[in-house]
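Peer 1: my questions are about this predicted structure, shown below with the sequence.
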Amino acid sequence: MSEIRCIQAISPGGRKLEHRTDAPLAQVIDKGEFNRALAERAVKAGAQLRLGCWVNSLQVEKHSVGIQYRCAETGVENLRAQVAVITTGVNGSLNRALGLAHPRQFLRALQAELALPPNGHGNATRVFVGQGVAPGAFGWEIPLGNNRWRVGLMTESNPELYFNSLLKRIAPNCDVSTLRIDRKGIAQAAVGRCVVERVIAAGEAAGHIKTTTGGGIYYGLLSAELVADVLIRAFRNKNFGARNLGEFERYWRSTFGNELMVGYFARKLASHFTDGQIDSFFDAANATDLLVRLNGRLKFDWHHRALLATLRALLTVSRGAGG
C-alpha cells in the first residue's frame, strides 16, 4: 500500500525525534490481501484449505494427532494427521489444553483507517509516546497513500479513552462513531514450551511477536520457515517425537529469542517513565545526535542492539548531568 521512509517519535511535550532513510524502512500492506496471497500460494503448493471451520480440540495419540473441528455448514468433523501446527493467533485454548506456551502479558490495541487532509509532516509515520497517550506502549499514525491513514495505539490498560484522545489530537473533526475500529489483544513474551509430541505452536500462537512494536508478520514468517525445516526432517526420519520436533524450540530461541526478551524488558522499563522524564530523554537524544550515532544499529525488524545502545547512551548522559 505504501512505503515507510521516515519515522517521527513525538514526546508528551511535543519534542520530536526523526529517522529518515533513502531506502524504504518497511512496507505497509493490506493484511487481508496479504493473507489471501499466502493462501493462494499454499493451495498451488498442494495444501487444502477448509474455510469457515473452528478447531475444538487436538488429541495426541501414539501414531497420530486427532483433530476435532466444527464447520458452519457441516457441523462437527474429525480427522487425523501425523503432526499438527497451531497458528491460531492470540486464541490460546489449544495451547492451554496441551500445556504449551502462554503470554506473560497481553497488550490491548485499537486501530482505524481514515481520511485526513494534508498536514505539516508529509508522509512521515508518527509514533506518540507518554503516560497520557498510551501507558506502557505507544500510539501511531501511518500513511497509506491517497490521504488515508491508519491511526491506532496499544496500551497496558483500557485503550478506548486513549484512542479517542489521540484521534482528537490528530483529526479533531473526525466522528469516532463513523469509523470501523479493529480491536486486538497482542501477546507479549510467551512463557513455556512450543512443542509437545506431534504438535508445534508457532507464530503469534507461540508469542513470536515483536515485543517493542507488537508486529507479528516478520517473526511469524521466520517462525513458519523454521517449522517447515523441522517438519521436513521429521517426515524424512518418520520421527514426530517431542525431542525431534524440539529443534524448532532451539532454532527460534537462537534466531530471535533475544530480540523478544530485550524488547519486552525495554518496554516494561520505559512504561515507568514519567512524561517529564520522556521529554528529558528526547532533549538528551537530540542534543547528542543519538539517532545519527545509532544509524548502523537501527533495523525495522531487529531492535535489541539499538535498544541496548540507547540505554547506554542515556545512562551516559544522565551521569554527565549528575556530575
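Peer 2: Thanks, I have it.
Peer 1: which other helices and strands contact the helix or strand Ile232 falls within?
Peer 2: According to DSSP states H and E, Ile232 maps onto helix 217-237. Here helix 217-237 touches strand 199-201, helix 242-245, helix 247-252, going by 3 or more Cβ pairs under 8 Å, 6 or more residues apart in numbering; DSSP states H and E. Placement of C-beta: from N, CA and C, glycine included.
Peer 1: check which element follows the longest one along the chain.
Peer 2: The C-terminal neighbour of helix 247-252 among helices and strands, as given by DSSP H and E, is helix 258-270.
Peer 1: between that following helix and helix 217-237, how many degrees?
Peer 2: Helix 258-270 and helix 217-237 are oriented at 150 degrees to each other (axes from the mean of the first three to the mean of the last three Cα atoms, to 10 degrees).
Peer 1: and helix 258-270, how far out from the chain middle?
Peer 2: Distance of helix 258-270 from the chain centroid (Cα atoms, centre = their mean, to the nearest Å) equals 13 Å.
Peer 1: same question for stretch 211-226.
Peer 2: Its chain's average C-alpha position is 7 Å from that of stretch 211-226, according to Cα atoms, centre = their mean.
Peer 1: could I get the buried residue list for it?
Peer 2: By neighbour count on 16 or more other Cβ atoms under 10 Å, the buried set for stretch 211-226 is 211-214, 216, 218-220, 222-224, 226.
Peer 1: using CSV, write down the CA coordinates of it.
Peer 2: Extracted as CSV, the C-alpha positions of stretch 211-226 are listed here (Å, rounded to 0.1, in the frame of the first residue of the first chain):
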residue,chain,number,x,y,z
THR,A,211,7.7,-7.1,22.0
THR,A,212,8.6,-3.5,21.2
THR,A,213,6.0,-2.7,18.4
GLY,A,214,3.5,-5.6,18.6
GLY,A,215,4.1,-6.5,14.9
GLY,A,216,3.6,-10.2,14.1
ILE,A,217,4.2,-10.7,10.4
TYR,A,218,8.0,-10.7,10.3
TYR,A,219,8.6,-13.1,13.2
GLY,A,220,5.6,-15.1,12.1
LEU,A,221,7.2,-15.7,8.7
LEU,A,222,10.5,-16.6,10.3
SER,A,223,8.8,-19.0,12.7
ALA,A,224,7.0,-20.6,9.8
GLU,A,225,10.2,-21.1,7.9
LEU,A,226,11.8,-22.8,11.0
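Peer 1: avg pLDDT for that stretch?
Peer 2: In this model, stretch 211-226 has an average pLDDT of 86.
Peer 1: can you list the neighbours in contact with that stretch?
Peer 2: Stretch 211-226 is contacted from outside by 29, 34, 87, 107, 109, 137, 154, 186, 188-189, 202-204, 206, 208-210, 248, 251-252, 255-256, 259-261, 263-264, 266-267, 301, 303, 307, using Cβ atoms under 8 Å, 6 or more residues apart in numbering.
Peer 1: now list the buried members of those residues.
Peer 2: When neighbours are counted using 16+ other Cβ under 10 Å, these contain these buried positions: 107, 109, 137, 154, 186, 188-189, 202-204, 206, 208-210, 248, 251-252, 256, 259-260, 263-264, 266-267, 303, 307.
Peer 1: burial count for Val133?
Peer 2: Residues lying near Val133 (other Cβ atoms under 10 Å) number 22.
Peer 1: surely it is within a helix?
Peer 2: No: looking at Val133 with DSSP: H, G, I helix; E, B strand; the rest coil, it is coil, so not inside a helix.
Peer 1: you'd agree it is up against Gly139?
Peer 2: Yes: under the criterion of Cβ atoms under 8 Å, Val133 makes contact with Gly139 at 5.3 Å.
Peer 1: and for the two, which residues touch both?
Peer 2: The contact sets of Val133 and Gly139 overlap at 153, 162, 166 (Cβ under 8 Å, 6+ apart).
Peer 1: so which of those residues are in helices?
Peer 2: Within those, residues falling in helices by DSSP state H are 162, 166.
Peer 1: just the buried ones from the shared contacts of Val133 and Gly139?
Peer 2: 153, 162, 166.
Peer 1: looking at the residues you listed, which one is closest to Val43?
Peer 2: Leu153 (36.0 Å; Cβ to Cβ).
Peer 1: touching, that closest one and Phe138? I think so.
Peer 2: Yes: taking Cβ under 8 Å as the definition, Leu153 is a contact partner of Phe138 at 6.7 Å.
Peer 1: shared neighbours, these two?
Peer 2: Both Leu153 and Phe138 are in contact with Phe128, where contact means Cβ under 8 Å, 6+ apart.
Peer 1: would you map the helices across the stretch 1-150 of the chain?
Peer 2: Taking DSSP state H, counting those that start in this stretch, the helices of the stretch 1-150 of the chain run over residues 31-44, 93-98.
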